[in-house]
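Novice: structure for this input, please:
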Amino acid sequence: MFKVIVDMLLIGCSLSSPPMVSLPWVPDSTDVRMCVTGPVSMTTKILVDRAFNTINAILPPSFQLVPLYRSTEQVQCPLFLHLSVDHHDIDKPAGKCVRKYGVDIYEFVRPYMSYYYYGCNITVNIHLLNRAASFYNVLLHELLHLIGLDHPNPPMLHALISHTVRRDNNKSIIHDNVYKQLSWYDIMTTHFIIARNFPWLWSKLPYPYVTKRYYYLPVSNMTL
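Specialist: Reported below is the predicted structural model:
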């Protein structure tokens, strides 16, 4: 109980109105499955798995993000992570999250229908983000959008949700040379969203506010 009170005070003081998706998650959400499409090398798969695991480390065990590789898993795909190799338009975003909204199927038998949030389809351009750390940081940023986080204004220092892709005067990507970590803002806003949408999962949120560290990631400037 004490940790819950402390967390509520911290969120109330620092995140009284954190920018996030206004609609609630669909009530029966459990694991969020995403099918990975596009070219997936061994290095890319390692980075995708690590990004998903980093987000899952701050989520309750019954609400996890699950990457599915369709070449080996024949499943229905409610959401997609598409690894694009768009060579033609360098002005396009290197990563984007297209959100999905709709009516819960069970709402049709209730007197009033409500719209809900279902997550988002993510696209990451691995032609532009062809270095390991750059790809990983953008994917982690987009996964925070999937959970429901929006960009804070003004940007929060060191927050991954405020991460931007830098470009030079020729519009070429300036690649990151370090793997970024989730900040206290990213973690607490994620917990705020879970508590708002799934209050019965509040006590299942992992504490303290730390993310799991993994022993292996490719060299940050490795070419994908």
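
Novice: tell me where the chain has strands.
Specialist: Secondary structure of the chain (DSSP state E): strands at 32-37, 65-69, 79-84, 95-103, 115-125, 166-167, 173-174.

Novice: from what I can see residue 171 touches residue 92, true?
Specialist: No - here residue 171 lies out of contact with residue 92, judged by CB atoms under 8 Å, at a distance of 10.7 Å. In this view, the C-beta of every residue, glycine as well, is placed from N, C-alpha and C.

Novice: quick one, helices of the protein?
Specialist: 2-14, 42-56, 132-147, 184-197 (DSSP state H).

Novice: can I get the ones you listed in a markdown table with mean pLDDT and distance to residue 78?
Specialist: As requested, these are exported to a markdown table (pLDDT from 0 to 100; distance: least, CB to CB, whole Å):
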| stretch | mean pLDDT | distance to residue 78 |
| --- | --- | --- |
| helix 2-14 | 48 | 29 |
| helix 42-56 | 94 | 15 |
| helix 132-147 | 97 | 12 |
| helix 184-197 | 92 | 17 |
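
Novice: tell me which of the strands of the chain sits nearest to residue 190.
Specialist: Closest approach to residue 190 among the strands of the chain (CB to CB): strand 65-69, 11.4 Å.

Novice: which elements pack onto that closest one?
Specialist: Using 3 or more CB pairs under 8 Å, 6 or more residues apart in numbering; DSSP states H and E as the contact test, the elements touching strand 65-69 are strand 32-37, helix 42-56.

Novice: for those, give me TSV that also has mean neighbour count.
Specialist: Shown next, in TSV, are these (neighbours: other CB atoms under 10 Å):
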stretch	mean neighbour count
strand 32-37	20
helix 42-56	18
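
Novice: who's residue 33 bridged to?
Specialist: residue 66 (DSSP bridges).

Novice: spatially central residue in the chain, please.
Specialist: With distances taken as CA atoms, centre = their mean, residue 143 lies nearest the centre of the chain, 1.2 Å away.

Novice: and for residue 102, nearest residue in space, chain neighbours not counted?
Specialist: residue 118 (5.9 Å; CB to CB, 6 or more residues apart in numbering).

Novice: burial of that neighbour, as a residue count?
Specialist: The tally of other residues near residue 118 (other CB atoms under 10 Å) stands at 18.

Novice: residue 78 now?
Specialist: 13.

Novice: re the thing from before, ok, which of the strands of the chain comes nearest residue 51?
Specialist: Across the strands of the chain, residue 51 has its closest neighbour in strand 65-69 (8.7 Å, CB to CB).
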